[in-house]
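K.L.:
Sequence first, predicted model second:
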Amino acid sequence: MKPLKILFADDDLKYSLLLKRFLEQEGYDVTYVGNGTMAVEQFLLVRPDLVLLDINMPGLNGFEVAARIREQDKHVLIFFLSDRSDKADRLHGFQLRANDYLAKPFYPEELIARIRERFSLLDGAVDEETYRIGNTVFDYNTNELRTASSKVLITSRQADILRLLTLNVNTAVPREQLLEAVWGNASYANSLALNVQITYLRKALRNDPTVRIDSLMKKGYVLRTDSV
């Protein structure tokens with residue numbers, strides 16, 4: 001099996017070389033660059049499986065890099081690694097369809113655990129945008145939920161919500177993150193719309209008793225699965 005390819009962009013050279021070495025010791029193939037402009041250039045050459053981005057970088061910042069990458073590739077995983085840990089920055093990161101956001105300082109082992117978790121989930125996919133949750137196959141490209149005995153079509157917005165929940169299976173996803181990622185802002189009207197869409201998703205998933213969406217008071221939602 002080919003090693004996982006990682007593109008790592010951060011302008012803190014000493015810190016970055018230490019983290020790069022740690023990742024390589026875990027068997028990953030790491031390409032390191034020191035600014036955002038080089039990150040965009042190397043993305044086309046490396047075609048990584050995962051992009052690790054600092055936010056405060058010369059040239060293009062991490063948010064700008066993520067936006068440009070998403071214009072070219074909607075599937076590659078993107079993690080932000082940043083000392084900017086306030087709520088607004090996190091929400092903006094997820095609005096750019098980032099898959100994770102780690103606030104510095106963090107233990108390298110935590111990053112490794114999150115990488116393994118993400119790619120372990122994707123290993124169960126039938127293709128890049130098809131996910132298995134419980135006894136259900138969720139095809140993000142066609143908005144289909146398939147079990148052994150049924151096929152249900154959901155809307156594109158419902159598919160966006162379910163995709164984010166699926167990528168965080170058995171982990172709570174904050175309401176604000178869902179609202180920013182799917183609607184672009186966390187207004188009261190959009191919050192009410194999210195409640196409605198969750199209701200529709202629960203109905204769409206009712207043919208699979210191993211899957212459910214739980215509400216967490218004042219926290220968000222969690223997709224739970226009792227996989228067979």
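P.N.:
Happy to help now that I have it. Residues are numbered from 1 along each chain as shown.

K.L.:
Can you give me the domain boundaries for the chain?
P.N.:
Following the assignment in automatic domain parsing, the chain carries domains at 5-122, 130-225.

K.L.:
Any chance of a markdown table for those domains, columns mean pLDDT and mean neighbour count?
P.N.:
C-beta: built from backbone N, CA, C; applies to glycine. Below are the domains of the chain laid out as a markdown table (pLDDT from 0 to 100; neighbours: other CB atoms under 10 Å):
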| stretch | mean pLDDT | mean neighbour count |
| --- | --- | --- |
| domain 5-122 | 89 | 17 |
| domain 130-225 | 89 | 17 |
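
K.L.:
Residues in contact with the longest helix anywhere in the chain: which ones?
P.N.:
Using DSSP state H, we find that the single longest helix of the chain is helix 188-204. The set of residues external to helix 188-204 that reach it, using CB atoms under 8 Å, 6 or more residues apart in numbering, is 145, 152, 154-155, 157-158, 161-162, 175, 178-179, 182-183, 212-213, 215, 221.

K.L.:
How about stretch 34-45?
P.N.:
With CB under 8 Å, 6+ apart as the criterion, stretch 34-45 contacts 7, 9-11, 13, 16, 31, 33, 51, 53, 57-62, 64-65, 68-69, 72-73.

K.L.:
what residue of the chain is the furthest out?
P.N.:
residue 149 (29.7 Å; CA atoms, centre = their mean).

K.L.:
Secondary structure element for it, which one?
P.N.:
If you go by DSSP states H and E, residue 149 is not part of any helix or strand.

K.L.:
Give me the phi and psi for it.
P.N.:
phi -120, psi 0 (degrees, to the nearest 10).

K.L.:
on that earlier part again, ok, then the element right after the longest helix of the chain?
P.N.:
Note on helix 188-204: by DSSP H and E, the next helix or strand toward the C-terminus is strand 211-216.

K.L.:
which other helices and strands contact that following strand?
P.N.:
For strand 211-216, the elements it packs on are helix 188-204, strand 220-225, judged by 3 or more CB pairs under 8 Å, 6 or more residues apart in numbering; DSSP states H and E.

K.L.:
Same list (those) but as JSON lines, adding distance to residue 103.
P.N.:
Shown next, in JSON lines, are the helices and strands packed on strand 211-216 (distance: least, CB to CB, whole Å):
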{"stretch": "helix 188-204", "distance to residue 103": "25"}
{"stretch": "strand 220-225", "distance to residue 103": "18"}
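
K.L.:
Minimum distance to residue 81: which of these has it?
P.N.:
Closest to residue 81 of the helices and strands packed on strand 211-216 is strand 220-225 (CB to CB; 22.8 Å).

K.L.:
contacting residues around residue 72?
P.N.:
43, 44.

K.L.:
hmm, try it at 7 Å
P.N.:
Residue 72 makes no contacts at all, as judged by CB atoms under 7 Å, 6 or more residues apart in numbering.

K.L.:
do residue 153 as well
P.N.:
Contacts of residue 153 by CB under 7 Å, 6+ apart are 143, 144.

K.L.:
Any figure for the gap between it and residue 37?
P.N.:
Relative to residue 37, residue 153 is positioned 42 Å away (CB to CB, to the nearest Å).
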